[in-house]
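>>> Following is a predicted model, sequence given first.
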Amino acid sequence: DINASPIARKLIPYDENAAVGTIIIDHSDRRLYHVISKGMAMVYGVSVGREGFGWTGSEVVTAKSEWPTWNPPKEMRIREAKKGHILPETMQGGLDNPLGARAMYLGSTEYRIHGTNQPNSIGKAMSSGCIRMAIARPCCIRHTPPPASVLPPAGPMEHAAPDAAPACERRYLSRRIIST
């Protein structure tokens with residue numbers, strides 16, 4: 001079942017000093033913590049970037065997509081072709097698309113938090129840097145409002161203007177993402 005995660009989500013006490021709406025990704029534990037109220041977080045099992053493909057730091061969600069189109073970078077297509085896997089230049093959203101049903105785009109990077117059609121990857125370091133969740137799980141995160149203010153990542157970085165998003169989505173942009 002591509003909708004099922006091998007790691008059940010849990011509501012837990014969370015005493016870290018993080019604003020409601022913040023998402024913390026713990027690479028070593030392969031978990032995503034979504035702070036839903038002061039002192040409480042929903043924790044999800046995730047797949048993180050394999051050796052050499054992870055990222056750490058702070059980002060914001062700058063765009064969201066339902067049934068996103070996947071455009072694997074040229075470097076990924078070349079790397080996978082050497083392994084005998086031919087990737088398309090583009091793949092429309094659908095059950096065969098590795099991005100799953102929803103994607104949240106992180107800053108101006110190529111990284112996303114997205115669903116996956118490979119639930120066996122949850123709890124492992126198997127991606128090319130993106131954070132994978134069970135196919136429907138990003139829906140749980142994307143429909144809760146973020147805090148009003150967001151700390152920017154270290155160093156200069158450009159982000160998509162919130163006005164570029166549809167009006168119904170603007171209030172959900174700029175959610176703080178911390179990756180450790």
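It's in.
>>> Okay, helices next: where are they in the protein?
Using DSSP state H, the helices of the chain run over 74-82, 137-142, 167-170.
>>> quick one: the residue most central in space within the chain from residue 82, how far?
Most central in the chain under Cα atoms, centre = their mean is residue 113, positioned 1.0 Å from the mean C-alpha point. Distance, residue 113 to residue 82, by Cβ to Cβ, to the nearest Å: 27 Å. To be clear about C-beta, it is placed using only N, CA and C from the backbone, and glycine gets the same treatment.
>>> Isn't residue 92 up against residue 69?
Yes - counting by Cβ atoms under 8 Å, residue 92 touches residue 69, with 5.5 Å between them.
>>> Pairing partners for the top strand by length along the chain, with directions?
Counting residues, the longest strand in the chain under DSSP state E turns out to be strand 57-66. Partners of strand 57-66 in the sheet, by DSSP bridges, are strand 102-106 (antiparallel), strand 176-179 (antiparallel).
>>> for the nearest residue in space to residue 46 that is not next to it in sequence, what are its contacts?
In this structure, residue 46 finds its nearest non-sequential neighbour in residue 32, 4.7 Å apart by Cβ to Cβ, 6 or more residues apart in numbering. By Cβ atoms under 8 Å, 6 or more residues apart in numbering, the residues touching residue 32 are 23, 24, 25, 26, 43, 44, 45, 46, 113, 131, 133.
>>> Select only the buried ones of those in PyMOL?
Applying 16 or more other Cβ atoms under 10 Å to these, the buried members can be selected in PyMOL as follows:
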select buried, resi 23+24+25+43+44+45+46+113+131+133
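>>> lowest average confidence, helix or strand, in this protein?
The least trusted helix or strand in the chain, going by mean pLDDT, DSSP states H and E, turns out to be helix 167-170, with a mean of 32.
>>> that older thread, worst mean pLDDT among the strands paired with strand 57-66?
In terms of mean pLDDT, the lowest-scoring of the strands paired with strand 57-66 is strand 176-179 (a mean of 68).
>>> so what's residue 106 closest to, chain neighbours aside?
Spatial nearest neighbour of residue 106, excluding adjacent residues (Cβ to Cβ, 6+ apart): residue 59 at 4.2 Å.
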